[in-house]
Structure formats: structure tokens, C-alpha cells
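> What follows is a predicted structure for the sequence shown.
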Amino acid sequence: MKTYEIHHRLGIATTPKKLFAALTDAKLLQSWWSEGAEGESVVGGVIQFRFGDFKQPLTVTALDPAKLLRWRGGAEGIPQWAGTEIEFRIEPDKENSQILLDEVGVPLAKPQGAAGNRERQPLSARDCLRSRLAAEQARRHAMSEFVYLYRESSQPSPQELQARMQKWLVWFKDLEQKGHLAVYGHPLNRTDGGVVRKGTVTDGPYAETKDIVIGFSVIEAKDFEQAVNLAAGCPLVESGGLVEVRPVLKM
């Protein structure tokens, strides 16, 4: 059986940590390569992939968080994939990542089986990544960005802040999994700061207003209405605060 090698470099607009998670978390693998992916990413562990009627186990042979992942095809799956090695090396690139992909022993022929048609043939990791990136770029092109400014007038107690934290984490995770969270943002100091005007600087963050901005995030949504609906689920709204939704102008 003839095989070939793939050596490819791709730029991906995410952090090395998130990219590594997309390669090692079975649920995230389901979103870009195989809907039936399952298993645990530990050295010696096996990730089971399903491509239509075909199944292919890949054994994890090397793992370095946010830097390296290597798989090897097992003999129990598609015969042509036995011994195939797939290695992902991740390099930081400012706020994004570069992924160096090496595939050795990739089969040229389609796998034999009951289905046996080209549409159901497992794609290489490179082809899946390129397809996924193209789809993501198309999705992002159709989306708009919105800034959420989190406003609150009262100072919650440490106990209240602790109780809120879990709700915030759940909300952020939901936004991220649905592809809406572009930038987590940061909380802002509630007391220190200043307002600069021509010739004067006023102490405190917007002392003239009843509420202050306590943090921000950047969200992706198809339109303003969707951005507002997403903001309604923010835990701050539940506790009496405000989320100001502002569209980001594209320059």
C-alpha cells in the first residue's frame, strides 16, 4: 500500500492552550474532526475516532501541554492507517498560534469496507484542519463583534463575589462553547483610576456616575439583537447590575 507524508504549517487565531485543548479533549475533537471521538488524552491512552462506518483508534505516544501531541494508528482499525503517525507541534505567535503538523504513513487508497465510497473516507488531520479553519473564517466573516461593559453601582461583599464566581465561569464557558466569546476581557479595579479632561484629572473611576464599569468582554454575534439576548444571561444582570452592549466598528 502506497503512503505519503504531510508536513504543514498553519496559523490559528487562538492561544496555544486553547489549541492544545482542541486537539486533546474528545468533545472538542468532535467539533472539527470526528463526531464520534472518545477516549482520554494521556500517554499510552487511546482516542477512538469514527468516520462514518469506519473506526480508527489512535494511541497517544507523546504529550507536552500546549506544545506537543503525537498519535499512532493502531492495527485494530482501518488496515491502511496502521502505523500512521500524526504529530502536532504548537508554537506561540503573539496572541495566536502556529501549528506544525507532520503525518507519516498516510494512506493513498480509500479504505475497504461495506460503504467504500470516497465521501466517507477519513480525511487527513491536515485536510480536517484546513476545512475547519475555512469554515471558521466564513463564520467569523458573517459575525460582528460587540463589547460588553459590565456596570454596577454597589460594592458586593467578598462572600457575594465568591458566590457569583461559579455562575460567571458557567456563563463564559457556555459563550465559548457556542463560539460567541472572542475575548474574555478583564475585571477592573473598582476604586483606583481617574478621568482625564483638558486641564484636569478627576480621581476615581467616573465618580460623577451612579454605576461604574467593573469589567469588559468582547463577544461575537450575528447581530445586535443576538448580542443583547446573550447579555441577558449574564450573572451580573441577575444580581441587579447592568451590561452595556456596544457594537465594535470595523475600520
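That came in fine, so what should we check first? In this text, all values refer to a predicted model and were calculated from it rather than measured experimentally.

> Find me the pLDDT at Arg118, would you?
Predicted confidence (pLDDT) for Arg118: 41.

> from now on call the first residue 517
Sure, I'll start numbering at 517, so the last one becomes Arg634.

> show me where the stretch 617-766 of the chain has strands.
660-668, 697-703, 710-713, 716-719, 728-737, 758-763 (DSSP state E, counting those that start in this stretch).

> Among those strands, which one carries the weakest average confidence?
strand 716-719 (a mean of 64).

> could you dump the strands of the stretch 617-766 of the chain to JSON lines with distance to Arg605?
Backbone N, C-alpha and C define where each C-beta goes, glycine included. Listed next are these as JSON lines, based on distance: least, CB to CB, whole Å:
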{"stretch": "strand 660-668", "distance to Arg605": "31"}
{"stretch": "strand 697-703", "distance to Arg605": "26"}
{"stretch": "strand 710-713", "distance to Arg605": "45"}
{"stretch": "strand 716-719", "distance to Arg605": "49"}
{"stretch": "strand 728-737", "distance to Arg605": "28"}
{"stretch": "strand 758-763", "distance to Arg605": "38"}
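
> who wins for proximity to Phe604 among those strands?
The closest of the strands of the stretch 617-766 of the chain to Phe604 is strand 697-703. By CB to CB, the value is 23.4 Å.

> Any buried residues in that closest one, and which?
Leu697, Ala698, Gly701 (16 or more other CB atoms under 10 Å).

> same check, this time on stretch 759-767
Buried residues in stretch 759-767, defined by neighbour count with 16+ other CB under 10 Å: Val759, Val761.

> mind checking the end-to-end distance for it?
End-to-end distance of stretch 759-767 (CA to CA, to the nearest Å): 24 Å.

> Surely Leu691 touches Ile735?
Yes: counting by CB atoms under 8 Å, Leu691 does reach Ile735; the two are 6.9 Å apart.

> who touches both of the two?
Common contact partners of Leu691 and Ile735 (CB atoms under 8 Å, 6 or more residues apart in numbering): Leu697, Leu746.

> in its sheet, what does whichever strand or helix holds Leu579 sit against?
For Leu579, the host element (DSSP states H and E) is strand 570-580. Next to strand 570-580 in the sheet, as set by DSSP bridges, lie strand 562-567 (antiparallel), strand 584-589 (antiparallel).

> pLDDT wise, what is Pro674 at?
83.

> excluding its backbone neighbours, what's nearest Phe565?
Ser550 (4.0 Å; CB to CB, 6 or more residues apart in numbering).

> Kindly report the same for Ser669.
In space, Ser669 is closest to Asp727, 4.0 Å off (CB to CB, 6+ apart).

> Number of residues surrounding the one you found?
When neighbours are defined as other CB atoms under 10 Å, Asp727 has 14 of them.

> next one: the one 3 residues further on
The local packing count at Ile730 equals 19, with neighbours defined by other CB under 10 Å.

> List the contacts of it.
By CB under 8 Å, 6+ apart, the contact list for Ile730 reads Tyr666, Arg667, Glu668, Pro703, Leu704, Arg706, Gly757.

> again, only using 10 Å
665-669, 671-672, 703-706, 721, 752, 757 (CB atoms under 10 Å, 6 or more residues apart in numbering).

> Mean neighbour count, distance to Phe536 and mean pLDDT added to the strands paired with strand 570-580, as JSON lines?
Shown next, in JSON lines, are these (neighbours: other CB atoms under 10 Å; distance: least, CB to CB, whole Å; pLDDT from 0 to 100):
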{"stretch": "strand 562-567", "mean neighbour count": "19", "distance to Phe536": "14", "mean pLDDT": "86"}
{"stretch": "strand 584-589", "mean neighbour count": "20", "distance to Phe536": "7", "mean pLDDT": "92"}
